[in-house]
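Novice: this one's structure only:
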């Protein structure tokens with residue numbers, strides 16, 4: 001069974017919510033890495049919006065200077081339905097790099 005692996009890269013996200021991925025027909029997020037690219041601690045939110053409701057994967061998480069966190073590990077996956085949006089935001093301007101890995105349209 002072939003799968004279509006993809007990635008999304010977002011650089012220097014700040015205080016404005018940035019949509020990282022708008023899901024197609026059942027995409028599976030297999031990795032999210034968030035990196036603080038500034039010299040002070042930042043606080044980040046990561047959430048999925050579905051039908052105007054936000055579902056948080058991480059809320060108010062502190063990332064020390066020049067450090068990173070991995071939100072999905074050990075083979076875990078998050079399935080996103082058609083139209084779901086995965087968003088990121090930092091409390092500091094131009095401070096957050098995001099690397100997202102996903103499988104486009106899960107096949108059966």
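Specialist: Done, it's in. The shown structure was predicted, so the numbers you read here are calculated from the model rather than taken from an experiment.
Novice: what stretches of the protein score poorly on pLDDT?
Specialist: Where the chain drops to pLDDT under 70, the residues are 1-2, 107-108.
Novice: Quick one: the strands in it, in order.
Specialist: Secondary structure of the chain (DSSP state E): strands at 4-13, 18-22, 27-36, 42-50, 53-63, 68-70, 78-80, 85-90, 96-104.
Novice: Output those strands as TSV; include the columns mean neighbour count.
Specialist: Heads up, the C-betas are built off the backbone N, CA and C, glycines and all. Formatted as TSV, those follow (neighbours: other Cβ atoms under 10 Å):
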stretch	mean neighbour count
strand 4-13	14
strand 18-22	17
strand 27-36	20
strand 42-50	19
strand 53-63	13
strand 68-70	14
strand 78-80	18
strand 85-90	21
strand 96-104	20
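Novice: Apart from its chain neighbours, what residue comes closest to the spatially most central residue of the chain?
Specialist: Residue closest to the mean C-alpha point of the chain, counted by Cα atoms, centre = their mean, is residue 32 at 5.1 Å. Setting aside the residues directly before and after it, residue 32 is nearest to residue 71 in space (Cβ to Cβ, 6 or more residues apart in numbering), at 4.1 Å.
Novice: And for residue 84?
Specialist: Residue 84's closest residue in space is residue 23 (Cβ to Cβ, 6+ apart), at 4.4 Å.
Novice: for residue 31, same thing?
Specialist: Nearest one to residue 31, counting by Cβ to Cβ, 6+ apart, is residue 101 at 3.8 Å.
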